[in-house]
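I would like the atomic coordinates for the input below:
(one chain, ligands or ions: 1)
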Amino acid sequence: MVSMFQHYAELLARFAEQSHDGYAIFSADDVLVCANKAFLGTFNQSAATLLGKSFTDIMRLAFEEKTGPKIETQDIEQWLARAQQVRRQREFRLFEVDLIDGRWFLFSEQTLVSGEILLQTKDITKQKILEQHLNERAQRLNDLALTDELTRIANRRSFVASVQSELNRCERLNCQIALLLLDIDHFKSINDNFGHQAGDEVLQQLARLVSSTLREYDIFGRIGGEEFGVFLAETDQKTAMAVAERLCQLVAGSPFSAAGQQLTVTVSIGVATGYNLSFESLYQEADTALYKAKHSGRNQVAFAAAAVLLP
Ligand SMILES: Nc1nc2c(ncn2[C@@H]2O[C@H](COP(=O)(O)OP(=O)(O)OP(=O)(O)O)[C@@H](O)[C@H]2O)c(=O)[nH]1
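Predicted coordinates:
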């Protein structure tokens, strides 16, 4: 019976030695007492170098020789002190480790009551690469869902979402807000005279021009067709009007080129300001003002007088 158990124990040891997963045991006083080939491979070191060394010495060596686990720190002693704080604190721990050579490993750490640790490592590089691709793809899809394809600025959905969140913040701070609605004048005639492609180029140039003049925290988006929105947080009527005037003059004074021709483009801008407004009422106010600007001759700014206060 004893010899049969001994046989299986030896078999287990042989499997462990040949396994692609790494196995290692640290003694209660944290010395590496045994490790298979795969484990030594994660450190890129030989058994002669690592066996008999303490955990801290092994990690110091990895840090100094820049081999094995990536240790991102300026101060290895501080890093080791932090690592020691989590070691042996739980009976079982699972954590991911990335190596300097680009591979990733899943480490499982099993601690006995008597203090010995069994470490098992599994190569998860393929899964991590797949995960990275999926994350990048999700990010790209997210960007696509939030970005207007033609102008590369925020689309209506993302513009409204960003404005909503700013409206909530401004409501908490009780600060004034402003919305500017910009609409290209006689845009239909640009399309009719120079073609739809030229119209697209004008939309792209306008988006670039406006983006380049706004502050980093202003919210700019294409609401639809030839209509754009600019949301300014913590902005009073006087400032909002000044920004709108500046934009109106900037557009009228900037050369646009489409279909190989130089064009003059103008915009009409409706401005609404107020406190504690919903997006819908703010938009309605700005739209009324925009209508006023259009009907007063275009290439100008108009203000919506009454700002509606929410109950
Ligand atoms: N090229 C291009 N044209 C677009 C796009 N979206 C909307 N349009 C065109 O924009 C034009 C808007 O025309 P209108 O609403 O009559 O407005 P307008 O000609 O600018 O006149 P006013 O706004 O009154 O000054 C329509 O001809 C739409 O087809 C787009 O993405 N690309």
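
so how far is the host helix or strand of Thr239 from its chain's centroid?
Counting by DSSP states H and E, the element that carries Thr239 is helix 237-253. Counting by Cα atoms, centre = their mean, to the nearest Å, helix 237-253 is centred 32 Å from the centre of its parent chain.

ditto for stretch 11-18
On Cα atoms, centre = their mean, the centre of stretch 11-18 falls 45 Å from the chain's centre.

unless I'm mixing things up, Ser54 is touching Asp30, no?
Yes. Between Ser54 and Asp30 a contact is recorded at 5.2 Å, counting by Cβ atoms under 8 Å. C-betas here are computed from N, CA, C, even on glycine.

and Trp79, what pLDDT?
Note for Trp79: predicted pLDDT of 96.

so where does the residue in the stretch 151-300 of the chain that the ligand sits nearest to fall, helix or strand?
Using Cβ to the nearest ligand atom, the single residue of the stretch 151-300 of the chain nearest to the ligand is Gly199, 2.6 Å away. Counting by DSSP H and E, the element that carries Gly199 is helix 196-213.

related to what we said a few turns ago, could you dump the helix holding Thr239 to CSV, C-alpha only?
What follows is helix 237-253, C-alpha atoms only, in CSV (Å, rounded to 0.1, in the frame of the first residue of the first chain):
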residue,chain,number,x,y,z
GLN,A,237,-25.8,85.9,-20.9
LYS,A,238,-23.2,88.6,-21.6
THR,A,239,-20.4,86.0,-22.0
ALA,A,240,-22.6,83.6,-24.1
MET,A,241,-23.5,86.5,-26.5
ALA,A,242,-19.8,87.5,-26.8
VAL,A,243,-18.8,83.9,-27.6
ALA,A,244,-21.7,83.6,-30.2
GLU,A,245,-20.7,86.9,-31.8
ARG,A,246,-17.1,85.9,-32.0
LEU,A,247,-18.1,82.5,-33.6
CYS,A,248,-20.4,84.3,-36.1
GLN,A,249,-17.7,86.7,-37.2
LEU,A,250,-15.1,84.0,-37.3
VAL,A,251,-17.1,81.8,-39.7
ALA,A,252,-18.0,84.8,-41.9
GLY,A,253,-14.3,85.8,-42.0
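
picking up where we left off before, among Ser54 and Asp30, which residue is more densely surrounded?
Taking other Cβ atoms under 10 Å, Ser54 and Asp30 do not tie; Asp30 has more neighbours (18 against 14).

for that one, give me its contacts.
Taking Cβ atoms under 8 Å, 6 or more residues apart in numbering, we find Asp30 in contact with 54-56, 87, 117.

again, only this time at 7 Å
The contact partners of Asp30, taken as Cβ atoms under 7 Å, 6 or more residues apart in numbering, are 54-55.

roughly how far apart are it and the ligand?
66 Å (Cβ to the nearest ligand atom, to the nearest Å).

phi, psi for that residue please.
Per-residue torsions, Asp30: phi 70, psi 30 (degrees, to the nearest 10).
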